[in-house]
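Q: Model the following, please.
(chains A and B)
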There are 2 protein chains.
Amino acid sequence: MTDQTHSPRHTVIVGGVAGGMSAATRLRRRDEHARITVLEKSGHVSFANCGLPYYIGGVIEGRENLLLQTPASLHERFNLDVHVNTEVTAIDRAAHELTVTDLTTGQQRTIGYDTLVLSPGAAPFIPPVPGIERALALRTVEDTDRIHDAVAGLAPGAPVVVAGGGFIGIEVAENLAHRGLDVTVVEFGPQIMGPLDPEIAGIVERRLVDNGVHVLTGTGVATVEDVTVTLTDGTSRPADLVIAAAGVRPATGFAAEAGLETLAGGALVVDATWRTSDPDIFAVGDAVATPDALTGEPVVVPLAQTANRDGRLVADIISGDDVSLPRTWGTSVMGVFGLQVASTGWTEKRLVAAGVPHQVIATHPASHAGYYPGAAGLSMKLLVGTGDFRGEDLRDRILGAQVVGEEGADKRLDILATAMQSGRRASELLDLELAYAPQFSSAKDPVNMLGYIADNLRTGRTELVTWNQIDELAQDAVLLDVRTPGEFAAGSLPGAVNIPLDELRGRLGEVRELCGEAPVVVFCQVGQRGHVAESVLRGEGLTRVYNLTGGYRTWSDGQRTLR
Amino acid sequence: MTDQTHSPRHTVIVGGVAGGMSAATRLRRRDEHARITVLEKSGHVSFANCGLPYYIGGVIEGRENLLLQTPASLHERFNLDVHVNTEVTAIDRAAHELTVTDLTTGQQRTIGYDTLVLSPGAAPFIPPVPGIERALALRTVEDTDRIHDAVAGLAPGAPVVVAGGGFIGIEVAENLAHRGLDVTVVEFGPQIMGPLDPEIAGIVERRLVDNGVHVLTGTGVATVEDVTVTLTDGTSRPADLVIAAAGVRPATGFAAEAGLETLAGGALVVDATWRTSDPDIFAVGDAVATPDALTGEPVVVPLAQTANRDGRLVADIISGDDVSLPRTWGTSVMGVFGLQVASTGWTEKRLVAAGVPHQVIATHPASHAGYYPGAAGLSMKLLVGTGDFRGEDLRDRILGAQVVGEEGADKRLDILATAMQSGRRASELLDLELAYAPQFSSAKDPVNMLGYIADNLRTGRTELVTWNQIDELAQDAVLLDVRTPGEFAAGSLPGAVNIPLDELRGRLGEVRELCGEAPVVVFCQVGQRGHVAESVLRGEGLTRVYNLTGGYRTWSDGQRTLR
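A: Numbering: from 1, shown residues only, chains lettered A, B, ... in the order given. So this is what the prediction gives:
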């Protein structure tokens, strides 16, 4: 309880959505007599920002569902002084004073503070190309109204270009397709969904294409004209509507001008107590760089759940608690045309780029017991440490995970995220006791399966290769497809030889003849039969035997990104 | 790799379903040249035992879906020697020899072993009442066929009595109701679903009743006659079919006769390496008692996933690995009429009985963001340690959890089980970074909410009371309902006074007058508004303020079991 007998300290919070509102309400619960003011630039506070694309798509009906609170309801419930349409244009740190503009009247005034919490969020990045002012971006309720109205004016099947294939771009693309529009996603990078590894992003891309969305990668919007978008590859597409979804940038101009330390992209730098370079000014949310869980380096992770969490913890610090910044892991999930796309921690490409020693485990188990109706295939990828990095022993450490599927992908990712954040080792996923009934899981849960593979790796009982190593391995290794002849005939790795697993023991002579001194890469559809084949061949004395992790299916998923 | 150059050791595995088959196949992968024999009493191995009720109900169509493997397919894939319809009747431990009977021919023979793995499972307990031989039990595929045939001969709406309200009884009851029968569950104990706490079991009971299943508790089957069941309370029910589902007993007669140590109920006692009192004989699965995660005392936890896991680990031990028994937590989930019922660790009633100092946290968050269609209410209960038990400091330790709801209950339970098994503290659930998008969760996930409450408890910022303490508290405390007048009018705690939360700050005088020196228990529907009210009153200097955990809803759920 802070000093109730003195005049109450004044905390001003800039930004009234996730992080800011969590800080404000927690502060009230901590101190019934604190003076708390919230300033929000847009016309709405505490709105459902993650729901905006779904209102455009008609999944969420009724605009009122987006508006969770009003200044009046927040005053009633939490005794907060909330001002919308109020932009902070300057901070006078010495005077502890903000300059704010009322955006409805244009009037300026100043507001004093004892403590300042910045949660201004991030604004859409608008690529500087001719005609881009015709494009609409999505951040606020007002933006949503604009896109909603624009869509209402379009004929069924009208062409729309979404510039950007990240989370927001894909969510908007799905929702515009739901509205019957002919949607093209244009992504400048080599793959959509940059925060995922390419073979996982390939699954998302296939889902989009299967649902009629066109996906162009490696090209960007060059110009926007009346009803045409010209791309950087010289082609053009009709576009009655253009959505700018090329990422976001921290909305920190006013803070940087006040001399607060920022990174190159504009993110506010905070210490382990969320304090900016000014100890009376805290910052949380999408505008802030927090220490990465693995390296400790500041990274921007624009996620609603961390903003909420951090806003609350900052309120605890302001209330006098000894709290420090939790590590940030970057845990996310997205739904797209019935596919759940979930991820946590580091991706393979980030590990490769940073030089972190690691191993990839891929598998495709069923979401629940195959004999119970409705099971769907999952695609799971686990990144496991295999050595030291910056003086830390990362062997058997869970470094990241990606899970995709129509059912239970979010659950498996959350289990993996919990294990990772709680220090559980990859091989210790094998004896994790999870809830089983046939409609929910398998007696060996997909997460246990990852643990079994990690334990086989840890103990040297399996050696895995990955889909993106096959081209190089194929130079001198035998590729042995142990699936059935029917599966083999429907498609296999170039140059592979087919000996079905159930015939392998009787055809060992053939295998020995094929291999000679060469290594052998065994593979099946998802990796499980491959592992049995690997065990058989090792048991027969072959030493250079490798199993293709994730099997033919992961390899196929990866091909999409190599076009 | 074990000694391949000598004559291979012979491992005999008794029981060919979950634990036994996991041991057999893992042993093969570990040793291509081992001699492995599997003996199964029933006519089928590796069958989908958890799927049997759903075949009866027609949810799983096609009997062949229950049969995952055959002796022939297991020979082909894993080079196993599998014998079905083969009962082990005696173990000659000195001679390392089994006596077995071929149940199709009646012929006896002996089989030698070097290592024996017992995974005989548990058989239904048949209460010794007159006429009980008319009742059908469910364990094997053959049992399933009998029930399936019996159901096919019944008219729509025919009365059926299920004797026993545990997992199998409830699953069978649901499936018989799906087949259009008039089902009554008779449970001798004071509540159905004994492994759950009463207010959680009350939710399951309501779901059954809402779907037309009759539930009788505190009474058992006394006699079974032609088409009538007489109960121990003297009443009788028509019953064209009686299902015996009164629990199971380890099927260990032959093992006990051989002098292997068992507990009173028949469960085989094993050490930390799954060895029975004979070091050449291992045992896993439903017939075995394993150390409880909290007390280390041997408990029988008949779950498919632990049987599978332990069978695999025993194969590793036989292969020479240094592995020891993981703690057993008792993690389970059941589906009943669209409700997911999940549990892990200790219940409140077990903690109370054992004298473990603990605190109950209850809450009812939405399964995903309320503004996105389809969110369902969850009922969550977390048991948190508050002191020492047997020399161990259990403060802030997660001791158990129960989660019930139509969506995402299995996910939240698995997250909590993972956190608990990984040593994460209850208050550390607050900064667990879980995957959020509005169709999957809320920005503050229900698991985070439990962490927030646990942290408020840990730091003394909330004091909770539970539904079953209300009667006693009501003797001298003021019960303050802070919900809206409409909610209050629809039902509240007896004697409660209504001051809506949003009016509380303006009506503090009333509160002070009401309370005088008495304590005040605030409550709302689920606990959240109650906590804000608690903060307001504490901030105003009231010291004896308590929040009813789980609110009016948990209290209501609990009333069902007090009839």
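Q: Ignoring the adjacent residues along the chain, who's closest to the closest residue to chain B within the stretch 401-550 of chain A?
A: Nearest residue of the stretch 401-550 of chain A to chain B: A:Gly539, at 2.4 Å (Cβ to the nearest Cβ). (C-beta placed from N, C-alpha, C; glycine too.) Distances taken as Cβ to Cβ, 6 or more residues apart in numbering or on different chains place B:Glu32 nearest to A:Gly539, at 2.4 Å, with adjacent residues excluded.
Q: near chain B, which residues of the stretch 1-150 of chain A show up?
A: Residues of the stretch 1-150 of chain A lying close to chain B (Cβ under 8 Å from any Cβ of the partner chain) are A:1, A:4, A:18, A:22, A:28-33, A:48, A:50-51, A:54, A:59-61, A:65-66, A:68, A:76-79.
Q: check which helix or strand covers the nearest residue to A:Ala267 once chain neighbours are set aside.
A: Closest residue to A:Ala267 apart from its sequence neighbours, by Cβ to Cβ, 6+ apart: A:Ala289 at 4.0 Å. Counting by DSSP states H and E, the element that carries A:Ala289 is strand A:288-291.
Q: Can you name every helix or strand that the helix or strand that comes right after that strand contacts?
A: Note on strand A:288-291: by DSSP H and E, the next helix or strand toward the C-terminus is strand A:298-300. On a contact count with 3 or more Cβ pairs under 8 Å, 6 or more residues apart in numbering or on different chains; DSSP states H and E, strand A:298-300 meets strand A:288-291.
Q: mind redoing it with 10 Å?
A: When contacts are defined as 3 or more Cβ pairs under 10 Å, 6 or more residues apart in numbering or on different chains; DSSP states H and E, strand A:298-300 sits against strand A:248-250, strand A:268-269, strand A:288-291.
Q: So what touches that strand?
A: Residues from elsewhere that reach strand A:298-300 (Cβ atoms under 10 Å, 6 or more residues apart in numbering or on different chains): A:122, A:248-250, A:263, A:265-270, A:286-293, A:328, A:330.
Q: Find the residue ranges of the stretch 351-500 of chain A scoring beneath the pLDDT cut-off.
A: Confidence mapping of the stretch 351-500 of chain A against pLDDT under 70 gives zero matching residues.
Q: In it, what residue spans correspond to strands?
A: Counting by DSSP state E, counting those that start in this stretch, the stretch 351-500 of chain A has strands at residues A:358-363, A:378-385, A:388-389, A:392-393, A:398-405, A:464-465, A:478-481, A:497-498.
Q: Could you tell me which strands sit next to the first one in the sheet, and their orientation?
A: So that's strand A:358-363. Paired strands of strand A:358-363, with direction, are strand A:378-385 (antiparallel) (DSSP bridges).
Q: Tell me if A:Val333 really is in a strand.
A: Yes - membership of A:Val333 in a strand is supported by DSSP: H, G, I helix; E, B strand; the rest coil.
Q: Now do the contacts for it.
A: By Cβ under 10 Å, 6+ apart, the contact list for A:Val333 reads A:167, A:340-344, A:403, A:409-410, A:413-414, B:434-437, B:439-441.
Q: Swap in 7 Å and give it another go.
A: When contacts are counted by Cβ atoms under 7 Å, 6 or more residues apart in numbering or on different chains, A:Val333 is found next to A:Gln340, A:Val341, A:Ala342, A:Asp410, A:Leu413, B:Ala435, B:Tyr436, B:Ala437, B:Phe440.
Q: So how do I select the buried members of the residues of the stretch 1-150 of chain A next to chain B in ChimeraX?
A: Buried residues among the residues of the stretch 1-150 of chain A next to chain B (16 or more other Cβ atoms under 10 Å in any protein chain shown), as a ChimeraX selection:
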select /A:18,22,28,29,30,31,32,33,48,50,51,54,59,60,65,66,68,76,77,78
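Q: rewinding a little: include distance to A:Ala315 when you put the strands of the stretch 351-500 of chain A into TSV, please.
A: Listed next are the strands of the stretch 351-500 of chain A as TSV, based on distance: least, Cβ to Cβ, whole Å:
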stretch	distance to A:Ala315
strand A:358-363	37
strand A:378-385	34
strand A:388-389	35
strand A:392-393	32
strand A:398-405	30
strand A:464-465	46
strand A:478-481	58
strand A:497-498	63
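Q: which of those sits most buried?
A: Of all the strands of the stretch 351-500 of chain A, strand A:398-405 carries the top mean neighbour count, a mean of 28, counting by mean count of other Cβ atoms under 10 Å in any protein chain shown.
Q: quick one: it to chain centroid distance?
A: What separates the centre of strand A:398-405 from the centre of its chain is 11 Å, taken as Cα atoms, centre = their mean, to the nearest Å.
Q: again, but for stretch A:189-196
A: Per Cα atoms, centre = their mean, the centroid offset for stretch A:189-196 relative to its chain is 11 Å.
Q: buried stuff in that stretch?
A: Burial within stretch A:189-196, assessed by neighbour count using 16+ other Cβ under 10 Å, is assigned to A:Gln191, A:Ile192, A:Met193, A:Gly194, A:Pro195, A:Leu196.
Q: possible to save those residues as JSON lines with distance to chain B and secondary structure?
A: JSON lines is the format used below for the buried residues of stretch A:189-196 (distance: Cβ to the nearest Cβ, whole Å; DSSP: H, G, I helix; E, B strand; the rest coil):
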{"residue": "A:Gln191", "distance to chain B": "20", "secondary structure": "coil"}
{"residue": "A:Ile192", "distance to chain B": "17", "secondary structure": "coil"}
{"residue": "A:Met193", "distance to chain B": "13", "secondary structure": "coil"}
{"residue": "A:Gly194", "distance to chain B": "17", "secondary structure": "coil"}
{"residue": "A:Pro195", "distance to chain B": "12", "secondary structure": "coil"}
{"residue": "A:Leu196", "distance to chain B": "13", "secondary structure": "coil"}
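Q: on that earlier part again, for the helices and strands packed on strand A:298-300, give me JSON lines that also has mean neighbour count and mean pLDDT.
A: Converted to JSON lines, those look like this (neighbours: other Cβ atoms under 10 Å in any protein chain shown; pLDDT from 0 to 100):
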{"stretch": "strand A:248-250", "mean neighbour count": "21", "mean pLDDT": "94"}
{"stretch": "strand A:268-269", "mean neighbour count": "22", "mean pLDDT": "96"}
{"stretch": "strand A:288-291", "mean neighbour count": "24", "mean pLDDT": "91"}
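Q: possible to save those as a markdown table with distance to A:Leu208?
A: What follows is the helices and strands packed on strand A:298-300, written out as a markdown table (distance: least, Cβ to Cβ, whole Å):
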| stretch | distance to A:Leu208 |
| --- | --- |
| strand A:248-250 | 21 |
| strand A:268-269 | 34 |
| strand A:288-291 | 31 |
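Q: do the longest helix seen in chain A and chain B meet at all?
A: Looking across chain A with DSSP state H, the single longest helix is helix A:304-318. Yes - using Cβ under 7 Å from any Cβ of the partner chain, helix A:304-318 reaches chain B at A:Ala304, A:Gln305, A:Thr306, A:Asn308, A:Arg309.
Q: Which single one of those is nearest to B:Cys524?
A: Using Cβ to Cβ, A:Asn308 comes nearest to B:Cys524 of those, at 21.0 Å.
Q: can you pull the contacts of the closest one?
A: Contacts of A:Asn308 (Cβ under 7 Å, 6+ apart): A:Ala18, A:Gly19, A:Ser22, B:Ala443, B:Lys444.
Q: which of the contacts of A:Val333 lies closest to B:Arg507?
A: Nearest member of the contacts of A:Val333 to B:Arg507, counting by Cβ to Cβ, is B:Tyr436, at 36.8 Å.
Q: which residues touch the closest residue to the closest one other than its chain neighbours?
A: Closest residue to B:Tyr436 apart from its sequence neighbours, by Cβ to Cβ, 6+ apart: A:Gln305 at 4.3 Å. Shown in contact with A:Gln305 (Cβ under 7 Å, 6+ apart): B:Glu433, B:Leu434, B:Tyr436, B:Ala443, B:Asp445.
Q: Next, give me the two most distant ones among those residues.
A: It's B:Glu433 and B:Ala443 that sit farthest apart of the contacts of A:Gln305, by Cβ to Cβ, at 11.5 Å.
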